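S.K.: Predicted model follows, preceded by the sequence.
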Amino acid sequence: MPVLGTLLFNMFTGLVAWLAKYLTQKVAVTVAIIAIVTVLFVGLYTATRAAITAALAGAGALHPMFGAGVSMVISPHSGALISSYITFWSLVELYKWKVNIMQLWSRTI
């Protein structure tokens, strides 16, 4: 009986250790992906905002009324909206790419 108890204890301990290692790796990868996406989104937002500001300044330099007209068309939230749109579709394409790789991998088995 002590041998059976030791066997069950070791199997349970090994399972818990493997599960903890697997989950911590998964959490670490998820946190890294979220951090990378956040940094890229902020960079994209900054670049988009700079491009919109430069476009508005350039339009205002041509003629004040032209600059006012462009300011009416381009919303103050355009940078965030464009950046969100690009980030969202980049993540969708990444997901589709991962699904295709998993489908190809499952066909080889």
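M.R.: Structure's in. What do you need?
S.K.: all contacts plus neighbour counts: C-alpha atoms, from now on.
M.R.: OK.
S.K.: okay, the residue nearest to the spatial centre of the chain: pLDDT?
M.R.: Nearest to the mean C-alpha position of the chain, by Cα atoms, centre = their mean, lies residue 37 at 3.5 Å. Residue 37 carries a pLDDT value of 78.
S.K.: What of the one 3 residues further on?
M.R.: Per-residue pLDDT puts residue 40 at 81.
S.K.: so how far is residue 84 from it?
M.R.: Distance of residue 40 to residue 84, given as Cα to Cα, to the nearest Å: 11 Å.
S.K.: what about the longest helix in the chain?
M.R.: Determined from DSSP state H, the single longest helix within the chain is helix 2-62.
S.K.: which residues are contacting the very next helix or strand once past it?
M.R.: Helices and strands here follow DSSP states H and E; after helix 2-62, the next one along the chain is helix 64-73. Here helix 64-73 makes contact (Cα atoms under 8 Å, 6 or more residues apart in numbering) with 56-61.
S.K.: so how many other residues sit close to the closest residue to the residue nearest to the centre of the chain other than its chain neighbours?
M.R.: Spatially, and ignoring its direct neighbours in sequence, residue 37 is nearest to residue 87 (7.9 Å; Cα to Cα, 6 or more residues apart in numbering). Summarising burial for residue 87: neighbours were counted as other Cα atoms under 10 Å, giving 18.
S.K.: Perfect, that will be all.
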